[in-house]
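S.K.: Sharing a model prediction with you, sequence too.
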Amino acid sequence: MTTVLGIRHHGPGCARSLVRALDFLQPDLVLIEGPPDADEWMHVAGDEKAKPPVALLVYDTANPKQSSFYPFAEFSPEWQAMRWAVKHGVKMRFLDLPCAHRFGLETETELAVAETGAETNTESEPESELGQDDGGGALPPDEAISLDENLPPPPEQAPTPRSFRHDPMQWLARADGYTDSERWWNDRVEERADDTDFFEAILTAMTALRTELALPEADLDLKREAWMRRGIREAEKAGARNIAVVCGAWHAPALLEPVKASEDAALLKGLPKTKVSVTWAPWSMERLTVASGYGAGVESPGWYGHLWKGGADLITRWIIRAARELRKSDVGASTASVIEAVRLSTALAGLRGRPRPGLPETMEAMRAIFCHGDPAPLALLRKKLLVGEKLGKLPDGLPLLPLHADLQQQQKTLRLKQTAGDLNLELDLREPGGQARSVFLHRLEALRIRWGRKTSAGRSKGTFKEQWTLKWLPELSLAIVDASQFGNTVDAAAAGKLAHDAAMEQNLAALVELLETGLLAELPAAGQAIMAQVGTVAAGSGDPAELMAAIPPLVRLARYGNVRNSDLAQVRHIVTGLAARVHAELPPAVSGLNDDAAQTLAERISAHDAALHLLEDGPLLAEWAAVTALLMDHGTAHPRIRGLATRIQRDAGTLNPAACGLRLEFALSPAQEPDKAVAWISGFLTGSGTVLVHDISLLSLLHDWLGGLTEEHFKQVLPLLRRTFGAFQGPERARIGAAVTQLPSGGGSAAARPSSGQEQPAVPLDEARSRPAVETAAQLLGLSAS
């Protein structure tokens, strides 16, 4: 006897009814929709140390990026089926089309598209990025309708076959008086208390839908169903007498169809095959949600987990949990408010004709009672209550890739905990533990295993602190698989990965980033390879701007990097060589620049100047001073470049204040076009405007020039001046403003002069009209308006 039990992925009601059905049937074989490639790892579900959510990861051994995740929560029917089989000592197998064939089919399709240049059919149902198809799973698809989405099209309209395929349950919902198929499914299936004839009802409904709608099935789904039918036949021939088949509800009727074995064999003939590997990986509740992009995801894993635990006073306990979380965020949620919210949710359910309150009713009741109609505080519940922060755990002793095993060992040694939420970490690099953790996290960064994210520049600015935010994401397991090709330990793999990336990279700035990562990760062998590539690429570059972009990060490494002396000497050697080329090639490159190119080059020059002063290399600074002297008097250079060079000369002390004032006066002379004058000023004030505070003569010149502009010219240069002064810090602008007020009277006016050169008459003041405004301002300031 074969019994097909149609379920919905991650449905707590389906899971509860499935366990009861298995207890009643007592099958001698359980077949579960899933990848047969992972049959030998199904027993892990029965290990008490395995704490879901977890996922099976199946990947192409030759191409790990081609992979599928099969997540399981505690309330997933498949997980409960596996646990039941282990507990009762019953054989179990996965029944779906193996990933070895699915990956082969995908590869064939990609090659065919590449050869023909054809586009993929956008009307076919897409497979989710996590490896489970939205149409082939138990229906209704969880991503079909959320709480805030619009209603399905009414029956009098003509939905397309695609909308049928996406959510065929809308027709059953409407027949039962519902307008939302998601709510209908929850009421009638997931949240029902009585599971009498549960699976018979699902099978009847799915059979009616498939028969009446006659939807075209995707070729992959036809192959999957043929494979599952073949698996059932093989189990029956092997002697199984009482088989329980757990599959997506949509597939249930197809598995009972009287299809000839020869027809299924013809459909499955010649399937391509690839070699695959399988492992288990921790999962997170967040990645079970629809919002994460998971095709078979649910709207609220936290709510489904609450339903799975069941018990008396289900709604009351849910609202109490919400009240506790809101109180932690200083949102009022008293006991009396909890009682009122429970009453309101029950009343809403009765008003809507629902058998009991569901998630929508409880959320609306809490918004009305706890939040006084404001939906914003409810956002505080998403992370803790609606989704959950739980990260799955797996038992020790599972076979792991050598790289994964080494990573876990180092993680334990360094006491770094995997968490589903953000974990802020401050590392003191003066302590051995902090230094070791920093090196480890930088090595993972080199491998693109982005468990940690540096949230401050830390050591790159010369401090002894680093700030990191750690968050373990399920897909990092796949990143580990991908990185394992470069080595079997974290340090060896990181060095191999960096050397590989450097050999493929021709961009100088990107190479410098790799070098910085390698040195911070204390991988000297990789650093040698990257520096060799830096020298090769730099030798072939003829763009001084590109060379200048590479110098500041190299200088930071040479100044603050905790690398070996040999590495430090090599970094300084590279900096010296690059700087020499920049100084030789920069003067001819500043001619004929437009405004945008001049601004970009000015930023590079300013950063280069700061880097050389940070390096404190006397000969390089002297050489740079000679270059900026040339730029300052370069006749065809852009005014912004000449202004910046003048500022660099003044700050270095090679240009005295009097000479600097003369240059500013010349740049602002009436013979100069206003836009060129502003460009010169913008270059001169790059980075800081304090020079205007300390040198009143310069400020006075600028003040008089601005006051002498015509109205037309003033409007023309105002946006450029705003951009320049807007880059200064607030206190700096305040000091400049205060200095302006101390200038002697009689100079130029800060207001623009009219184009005619004559003063405009003052606008007469209407005291009667201005009186209310004056009184209001006085009242606000606590003054008398008299």
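M.R.: Arrived safely.

S.K.: Under the pLDDT cut-off, which ranges of the stretch 151-300 of the chain? List them.
M.R.: Across the stretch 151-300 of the chain, the ranges flagged by pLDDT under 70 are 151-166.

S.K.: For it, which segments count as helices?
M.R.: In the stretch 151-300 of the chain, the helices defined using DSSP state H, counting those that start in this stretch lie at 161-166, 169-175, 181-185, 198-213, 219-237, 252-255, 261-268.

S.K.: Include distance to Ala244 and mean neighbour count when you put those helices into TSV, please.
M.R.: Every C-beta, even on glycine, is put in place using the N, C-alpha and C of the backbone. What follows is these, written out as TSV (distance: least, C-beta to C-beta, whole Å; neighbours: other C-beta atoms under 10 Å):
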stretch	distance to Ala244	mean neighbour count
helix 161-166	28	16
helix 169-175	24	20
helix 181-185	22	24
helix 198-213	10	17
helix 219-237	11	18
helix 252-255	12	22
helix 261-268	21	13
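
S.K.: among these, which is nearest Asp428?
M.R.: Among the helices of the stretch 151-300 of the chain, the nearest to Asp428 by C-beta to C-beta is helix 181-185 (50.5 Å).

S.K.: Does Ile551 touch Val582 like I think?
M.R.: Yes - at 7.2 Å, Ile551 and Val582 qualify as touching, with contact defined as C-beta atoms under 8 Å.

S.K.: what sits in contact with each of these two?
M.R.: His608 (C-beta atoms under 8 Å, 6 or more residues apart in numbering).

S.K.: could I get stretch 665-681 in CSV with only the CA atoms?
M.R.: The C-alpha coordinates for stretch 665-681 follow below in CSV (Å, rounded to 0.1, in the frame of the first residue of the first chain):
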residue,chain,number,x,y,z
GLU,A,665,45.2,89.2,-5.6
PHE,A,666,46.3,88.3,-9.2
ALA,A,667,43.8,85.4,-9.4
LEU,A,668,41.0,87.7,-8.2
SER,A,669,41.9,90.7,-10.4
PRO,A,670,39.2,92.2,-12.5
ALA,A,671,41.0,90.9,-15.6
GLN,A,672,40.2,87.3,-14.6
GLU,A,673,37.0,85.7,-15.6
PRO,A,674,34.9,85.0,-12.5
ASP,A,675,34.5,81.3,-13.1
LYS,A,676,38.2,80.9,-13.4
ALA,A,677,38.7,82.9,-10.3
VAL,A,678,36.3,80.7,-8.4
ALA,A,679,38.1,77.6,-9.7
TRP,A,680,41.4,79.0,-8.4
ILE,A,681,39.9,79.7,-5.0
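
S.K.: Please shift the residue numbers so they start at 31 in all later answers.
M.R.: Taking 31 as the first residue, the last one we looked at is stretch 695-711.

S.K.: So for that stretch, what gets flagged as buried?
M.R.: Across stretch 695-711, burial judged by 16 or more other C-beta atoms under 10 Å covers Ala697, Leu698, Pro704, Ala707, Val708, Ala709, Trp710, Ile711.

S.K.: Okay, and the closest residue to the second one other than its chain neighbours sits in which element?
M.R.: So that's Leu698. Leaving out its chain neighbours, the residue that sits closest to Leu698 by C-beta to C-beta, 6 or more residues apart in numbering is Trp735, at 4.1 Å. Using DSSP states H and E, Trp735 falls within helix 726-737.

S.K.: and that helix, which residues are buried?
M.R.: Of all the residues in helix 726-737, those buried under the rule 16+ other C-beta under 10 Å are Leu728, Leu729, Ser730, Leu731, Leu732, His733, Asp734, Trp735, Leu736.

S.K.: mind putting the residues you listed in a markdown table, pLDDT and distance to Leu415 included?
M.R.: Output for the buried residues of helix 726-737, formatted as a markdown table (pLDDT from 0 to 100; distance: C-beta to C-beta, whole Å):
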| residue | pLDDT | distance to Leu415 |
| --- | --- | --- |
| Leu728 | 72 | 61 |
| Leu729 | 73 | 59 |
| Ser730 | 77 | 64 |
| Leu731 | 70 | 64 |
| Leu732 | 73 | 59 |
| His733 | 76 | 60 |
| Asp734 | 75 | 65 |
| Trp735 | 73 | 63 |
| Leu736 | 73 | 59 |
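
S.K.: and which of those is nearest to Met393?
M.R.: Nearest to Met393 among those, counting by C-beta to C-beta, is Leu736 at 58.6 Å.

S.K.: And the closest one, how far from Ala406?
M.R.: Shown here: Leu736 relative to Ala406, a distance of 46 Å by C-beta to C-beta, to the nearest Å.

S.K.: I'm done for today, thanks for sticking with me.
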